[in-house]
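*Asks:* how would this look folded up:
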Amino acid sequence: MGLIKIAVVGVGNCASSLLQGIEFYKSQRESQAVGLMHWDIGGYKPYDIEVVAAFDIDTRKVGTDINEAIFAPPNCTTIFQPSMPQTGVIVKMGKSLDGISEHMQEYDEKRTFVVSTEKEPTKEEIVAELKNSGAEILVNYLPVGSEEAARFYAECALEARVAFINNMPVFISSDEQWAKKFEECNIPIIGDDIKAQLGATITHRVLTDLFKNRGVKLDRTYQLNTGGNTDFLNMLNKERLASKRKSKTEAVQSVTAERLEKENIHIGPSDYVPWQKDNKVCFIRMEGKLFGDVPMNLELRLSVEDSPNSAGVAIDSIRCCKVAIDRNIGGVLYSPSAYFCKHPPKQFTDEIARKMTEDFIKGDRDD
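*Replies:* Numbers count the residues shown, from 1 in each chain. As a prediction, this is how the structure comes out:
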């Protein structure tokens, strides 16, 4: 089938886990492979992905081979594939725009970005890099709150005519005007805001759906998350959290039997705990009424390594996007977006979204 050629914006923990995973599964067989939702999607295996271009703004990453950059500070995710070959793909200086919150400059450089002094490229130069590299898909891993930067790179994808996977909570695929742009250009897009393989949002959604299916009235709920990576450090700036909170909250609200009043649902990142590094700890509480209007409550604590959790979904999202390219399908990919993302244009329960995605992979229409 050949390789799927991707470009990456943001060489952080999530990109590190994805690239490690691509190399890791080269030595695995289908019968032995652990941690995948699909071994084969449209003929593409987990290792049939190649990074051909990458952009970042950290001086420790810019100018280095992509497989070296993924281990540079402030990345702190688990290293499960320490042996990574040189690729010859050099990380290029990206466009910073609103990609960094001002408060992050107050922290130790081991925890935060060290911005390169290299001249930032123009849009034309980034578009040219995408075209010259042969990239087919641009994968967006920018920090939460990078509204201007995310839209800038979406424009670059359109001009370079490469597909776009929006893994962060800036609403592009779920924005009618942006969705129309990709549809008119017949360019696939998946988004918005990647939903982890088994993380806080998917767990909360499944439990909420369970309440509904078992006739339990959900009265109120919260989801609190802590972590120690740059994502959580970045989100200490509450002004950058609006879209993230909306994305995570709507992901749960969309599967409730009746929408909860705002005061009865609280979902979002809660605090930065440096020593947790890339480990994310989630606390969920759900209060409801059983048979006879009898009260009950559920409390759950979930601890996961955040970035590999993301990569387990990204590796399928990329392959579904490539399948769309092969089939000449453009615009929003509704089924993969609903299954892989927190804030897709159309929300479905995860069971239905999974069935839709399986049908899409088999060749059914995606509308």
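
*Asks:* does Y339 belong to a helix, a strand or coil?
*Replies:* Three-state call for Y339 (DSSP: H, G, I helix; E, B strand; the rest coil): helix.

*Asks:* wait, F360
*Replies:* Once three-state DSSP is applied, F360 turns out helix.

*Asks:* touching, it and Y339? I think so.
*Replies:* No: look at F360 against Y339 with Cβ atoms under 8 Å: they stay out of range, at 9.0 Å. Quick note: C-beta positions are derived from backbone N, CA and C, even for glycine.

*Asks:* may I have stretch 16-29 as CSV, with CA atoms only?
*Replies:* What follows is stretch 16-29 as a C-alpha-only set of coordinates in CSV (Å, rounded to 0.1, in the frame of the first residue of the first chain):
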residue,chain,number,x,y,z
SER,A,16,6.7,11.5,20.8
SER,A,17,4.3,8.7,21.7
LEU,A,18,3.0,8.5,18.2
LEU,A,19,6.4,8.2,16.6
GLN,A,20,7.7,5.7,19.2
GLY,A,21,4.6,3.7,18.5
ILE,A,22,5.1,3.6,14.8
GLU,A,23,8.6,2.2,15.3
PHE,A,24,7.4,-0.1,18.2
TYR,A,25,4.8,-1.9,16.1
LYS,A,26,7.3,-2.7,13.3
SER,A,27,8.6,-5.6,15.4
GLN,A,28,5.1,-6.8,16.4
ARG,A,29,2.8,-9.3,14.8
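
*Asks:* quick one: contacts of that stretch?
*Replies:* Stretch 16-29 is contacted by residues 8, 33, 36, 45-47, 49, 51, 66-67, 70-71, 75, 77-81, 83-85, 139, 307-308, 310-312, 314-315 when judged by Cβ atoms under 8 Å, 6 or more residues apart in numbering.

*Asks:* let's go with 6 Å and repeat that
*Replies:* 46-47, 49, 70, 75, 77, 80-81, 84, 307-308, 311, 314 (Cβ atoms under 6 Å, 6 or more residues apart in numbering).

*Asks:* what of stretch 154-167?
*Replies:* Contacts for stretch 154-167 (Cβ under 6 Å, 6+ apart): 126-127, 130-131, 135-141, 172-173, 185, 187-192, 194, 317, 321.

*Asks:* show me which positions of that stretch end up buried.
*Replies:* 154-160, 162-167 (16 or more other Cβ atoms under 10 Å).

*Asks:* for the host helix or strand of R151, what is the distance to the chain centroid?
*Replies:* Using DSSP states H and E, R151 falls within helix 147-160. With Cα atoms, centre = their mean, to the nearest Å as the basis, helix 147-160 stands 16 Å off its chain's centre.

*Asks:* distance of I49 from K322?
*Replies:* Going from I49 to K322 by Cβ to Cβ, to the nearest Å gives 9 Å.

*Asks:* shared neighbours of those two, anything?
*Replies:* What both I49 and K322 touch, as defined by Cβ under 6 Å, 6+ apart, is the set I4.

*Asks:* who are the contact partners of I202?
*Replies:* I202 touches K195, counting by Cβ under 6 Å, 6+ apart.

*Asks:* buried stuff in the helix or strand containing it?
*Replies:* Taking DSSP H and E as the criterion, I202 maps to helix 200-213. Within helix 200-213, the residues that count as buried by 16+ other Cβ under 10 Å are 200-205, 207-209, 211-212.

*Asks:* with pLDDT added, can I get the residues you listed in TSV?
*Replies:* Output for the buried residues of helix 200-213, formatted as TSV (pLDDT from 0 to 100):
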residue	pLDDT
A200	96
T201	96
I202	97
T203	97
H204	98
R205	97
L207	98
T208	98
D209	96
F211	98
K212	97
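
*Asks:* which among those residues gets closest to N225?
*Replies:* A200 (5.7 Å; Cβ to Cβ).

*Asks:* quick one, what contacts the closest one?
*Replies:* Each residue near A200 by Cβ under 6 Å, 6+ apart is listed here: 223, 225, 282.

*Asks:* re earlier: and the helix holding I202, C-alpha only, in PDB?
*Replies:* The C-alpha trace of helix 200-213 is given here as PDB (Å, rounded to 0.1, in the frame of the first residue of the first chain):
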ATOM      1  CA  ALA A 200     -11.200  10.700  31.300                       C
ATOM      2  CA  THR A 201     -13.700  11.700  28.500                       C
ATOM      3  CA  ILE A 202     -14.400   8.300  27.000                       C
ATOM      4  CA  THR A 203     -14.800   6.700  30.500                       C
ATOM      5  CA  HIS A 204     -17.100   9.500  31.600                       C
ATOM      6  CA  ARG A 205     -19.100   9.200  28.400                       C
ATOM      7  CA  VAL A 206     -19.500   5.400  28.700                       C
ATOM      8  CA  LEU A 207     -20.600   5.700  32.400                       C
ATOM      9  CA  THR A 208     -23.100   8.500  31.400                       C
ATOM     10  CA  ASP A 209     -24.500   6.300  28.700                       C
ATOM     11  CA  LEU A 210     -24.700   3.400  31.100                       C
ATOM     12  CA  PHE A 211     -26.800   5.600  33.500                       C
ATOM     13  CA  LYS A 212     -29.200   6.400  30.700                       C
ATOM     14  CA  ASN A 213     -29.500   2.900  29.400                       C
END
